[in-house]
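**Q** predicted model follows, preceded by the sequence.
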Amino acid sequence: MLQLQRFAALPLALALAACATTATKEAPAPAPAASAAGPKVMVTAANPLAVEAGLNVLRQGGSAVDAAVAVQAVLSLVEPQSSGVGGGAFMTFYDAQTKKVVAYNGRETAPAGATETMFLDSSGKPLTYPVAVTSGKATGVPGAVAMLAMAQAQHGKLAWKDLFGDAERLAADGFVVSPRLAGMISSPFPQAGTPDAKAYFTKPDGQRYQAGDVLKNPAYAATVRKIAAEGPKALLEGSIAEAIVAKVHEGPLPGTITLADLKAYKPKVDDAVCRPYRVYVVCVPNAPSSGAALLEALGILSHTDIADRGPTDPQAWFLFAQASRLMYADRDRYFGDPDFTPVPIEGLLEESYVAKRATLIGDVAGPAPAPGTPRGAGALAPDATKEPGGTSHFVIVDADGDVVSMTTTVESIFGTGRMVGGFFLNNQLTDFSWAPANADGTKAANAVAPGKRPRSSMAPTIVLDRQGRFVAAIGSPGGNSILAYNLKALVGILDWKLSVQDAFNQPNLIARGDNFASEPARYAPGVVDALAAKGIVFKGSGGEGSGLHGVMVTPQGLQGGADDRREGVAKGF
């Protein structure tokens, strides 16, 4: 097996050199260079209109990051249940010239007035979900636009002001409501029933918008014009910022965001966390993303024979489930914002630690595994984070071979259901642990604190070969199931040698604690019964479905995939 190297702090080129000598008799990586016959650029995202916006930018000679700005601007309009300019994001970026992977952190922050007990009622009990998620307390300072502006200033080719044309046109002229959006509009989710959501999604005849209807949003057209002209200041200062503060301070349960909180927001960029997996190198964002937990799961699986099996083998899925349970046990206990609570990533990814965790897999699924004690772990309370679903993922590869893998969110469906400027405000602060401490005062790693970023399951992933060449990029929405979805995709592509689409089409299996959820109809005959005999009995599908999107390199050119559980497409030229 490959040894897991400690090289997160090194430049990726040095890291690759450091681990190249550990390569063993593994199967070769996919071809690192696309042929002239196949697509050289590609966009895959959850809505075809957003994909076309990204491709339009690439046709004009724009970079992957330029295209990401356009894609996000359109998704905010046509898929508002999942992401938007009022939310946050993580972006993993590969520079083909330097062969370096960096990660941008546009996660929302808690305002200065946030408190550990803000999601507890007067008796000290957690608020109910419908109350908390639609409250002003739920909204954090948005970071997606500021993050994109930082990345575009560093890696853009076109002018920022020229990246919003499709979003402005679609908002002003109208876009066709998709079946998925129509389903959310008529859903029982509390955010769909807020006054703002009702006003936006109700036609003049009093009926809710349905699939096929044309929906216009002139307020959003004005917002993107302002963002195009002013950059992130358009949201974090001035009239839109004032509207955000006013909306958050409305009852019930008003929040505390101020103009000072908005103006103070700063996105972050750092080297990605990268680790070898077989003949590959897998890169993810640092905490508070949960990407490193995904690397831990891969490390555990490297001590199994899952790669010698395949999707029709029940034992492969058993190993997958057991590694997932171990991953979640550690993630839930130790991950938070490292600026506030140390996250023992080095310890969690040490070879000796993952090897020890792998010995716990056993022959049958026993009781829920406890978190381990990696080097650097502190005393932390059990986690009580609810982390509802929502979110979107897209991948872009440009003509220079640069790659964006970005997961973006307003948290739950339509965020808080509160709107300003034609977009929804996030409910991201409900991603904090609602029970901040044990009775003895020991705090949870993900407890609320002023200025803190909540833990996220978002883990946009980029895979390289040992020479630092791009192999694949994937990611998914899905709340805390994101890690299971991403892990399935990576196992499918890297271990089982499936196409991107075939990997995405495999059943989702979410194994966390004592809970197992999946999609029985997607398994090969006999697999579900064989898993049940090993103690893995499915209860439900795991909540929000996946929305995996990804791209990989093949000898025929770039190959894209879009999860058939949603409405996305993959297109290139």
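**A** Yep, that arrived.
**Q** which parts of stretch 460-473 are buried?
**A** 460-466, 468-473 (16 or more other CB atoms under 10 Å). From N, CA and C alone the C-beta is placed, and that goes for glycine too.
**Q** oh, that last question was meant for stretch 118-137, not what I typed.
**A** For stretch 118-137, by 16+ other CB under 10 Å, it's 118-120, 126-127, 131-137.
**Q** with just CA atoms, put that stretch into CSV.
**A** Extracted C-alpha coordinates of stretch 118-137, given in CSV (Å, rounded to 0.1, in the frame of the first residue of the first chain):
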residue,chain,number,x,y,z
MET,A,118,-28.3,31.6,19.7
PHE,A,119,-30.1,28.5,18.5
LEU,A,120,-31.5,27.6,21.9
ASP,A,121,-34.9,28.7,23.2
SER,A,122,-35.6,30.3,26.5
SER,A,123,-35.5,26.9,28.3
GLY,A,124,-32.1,26.0,26.8
LYS,A,125,-33.5,23.5,24.2
PRO,A,126,-32.6,23.7,20.5
LEU,A,127,-35.0,25.6,18.3
THR,A,128,-37.2,23.6,16.0
TYR,A,129,-35.8,23.4,12.5
PRO,A,130,-38.6,25.4,10.7
VAL,A,131,-38.2,28.2,13.2
ALA,A,132,-34.4,28.3,13.1
VAL,A,133,-34.0,28.0,9.4
THR,A,134,-36.2,30.9,8.5
SER,A,135,-35.0,33.2,11.2
GLY,A,136,-32.8,36.2,10.9
LYS,A,137,-30.4,34.4,13.2
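**Q** list of residues touching that stretch?
**A** Here stretch 118-137 makes contact (CB atoms under 8 Å, 6 or more residues apart in numbering) with 117, 138, 190-191, 194, 247-257, 384, 386, 388, 411-412, 416-418, 427, 429-430, 432, 434-435, 448.
**Q** which of the residues you listed count as buried?
**A** Here, 16+ other CB under 10 Å leaves 138, 190-191, 194, 247-248, 253, 255-257, 384, 386, 388, 411-412, 416-418, 427, 429-430, 432, 434-435, 448 buried among the contacts of stretch 118-137.
**Q** ok, residue 216 - how many residues close by?
**A** 14 (other CB atoms under 10 Å).
**Q** thought it was touching residue 174?
**A** Yes - counting by CB atoms under 8 Å, residue 174 is a contact partner of residue 216 at 4.1 Å.
**Q** what about residue 540, how many neighbours?
**A** Counted with other CB under 10 Å, residue 540 comes out at 11.
**Q** one more: residue 310?
**A** There are 14 residues near residue 310, going by other CB under 10 Å.
**Q** joint contacts of residue 216 and residue 174?
**A** In contact with both residue 216 and residue 174: no residue, using CB under 8 Å, 6+ apart.
**Q** low-scoring stretches of the protein, by residue?
**A** 1-37, 379-389, 436-440, 542-544 (pLDDT under 70).
**Q** give me the distance between the two termini of stretch 282-298.
**A** 9 Å (CA to CA, to the nearest Å).
**Q** mind starting the numbering at 91 from now?
**A** I'll keep to 91 as the first residue from here, and by that count the last item is stretch 372-388.
**Q** sec struct for the residue nearest to the spatial centre of the chain, please.
**A** For the chain, the residue nearest the mean C-alpha position is residue 548 (2.8 Å; CA atoms, centre = their mean). What DSSP: H, G, I helix; E, B strand; the rest coil gives for residue 548 is coil.
**Q** what residues are up against the residue nearest to it when sequence neighbours are not counted?
**A** Nearest-residue entry for residue 548: residue 497, 3.9 Å, with adjacent residues in sequence omitted and distances by CB to CB, 6 or more residues apart in numbering. Residues in contact with residue 497 (CB under 8 Å, 6+ apart) are 179-180, 481-483, 548-550, 565-567, 572.
**Q** out of those residues, which are buried?
**A** 179-180, 481-483, 548-550, 565-567, 572.
**Q** in helices, which of those fall?
**A** residue 572 (DSSP state H).
**Q** hmm, residue 205 is touching residue 537, no?
**A** No - using CB under 8 Å as the test, residue 205 is too far from residue 537 to be in contact (10.2 Å).
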